[in-house]
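Colleague: the amino acid sequence is not available; the structure is as follows:
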């Protein structure tokens, strides 16, 4: 497969002209549009979870919601989910990932889980949350 690469050099001439004339450096309409987009897409706060509202057919348990809330709000999404067997770690992981996907902070997920028969029983719940 041969992919053609094109390097556009037109910007260099325009940039040199703007350097010589000391401007114009910005377009006011584009600036206003960019600030409007930022206001619309800005995340006001990380208080509370948005994922449960997007999952009407799924009802997580109270402790699963608390784990997801704590990871998102207090731990910046960086956590190792390690508790007793059967408490729903795949569900917790799915809620956390879904939360970041809803907020536009993640497009794909990369989570790891051990390939053990006892763990793989509950993995369908996380897939149900994500997809």
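Modeller: Now that the structure is in, tell me what you want to look at. Remember, predicted model here, so these are calculated numbers, not experimental data.
Colleague: mind giving me the domain split of the chain?
Modeller: 10-41, 51-130 (automatic domain parsing).
Colleague: adding distance to residue 3 and mean neighbour count, write the ones you listed out as CSV.
Modeller: In this view, the C-beta of every residue, glycine as well, is placed from N, C-alpha and C. What follows is the domains of the chain, written out as CSV (distance: least, Cβ to Cβ, whole Å; neighbours: other Cβ atoms under 10 Å):
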stretch, distance to residue 3, mean neighbour count
domain 10-41, 21, 9
domain 51-130, 23, 15
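Colleague: can you give me the helices for this structure?
Modeller: 10-21, 28-41, 62-74, 89-102, 117-120, 123-130 (DSSP state H).
Colleague: tell me which of those lies nearest to residue 83.
Modeller: helix 89-102 (6.9 Å; Cβ to Cβ).
Colleague: quick check: end-to-end length of stretch 44-62?
Modeller: 24 Å (Cα to Cα, to the nearest Å).
Colleague: with stretch 81-96 instead?
Modeller: Note: stretch 81-96 ends 11 Å apart using Cα to Cα.
Colleague: give the rounded mean pLDDT of it.
Modeller: Taken as a whole, stretch 81-96 carries a mean pLDDT of 89.
Colleague: likewise stretch 38-54?
Modeller: Stretch 38-54 comes out at a mean pLDDT of 81.
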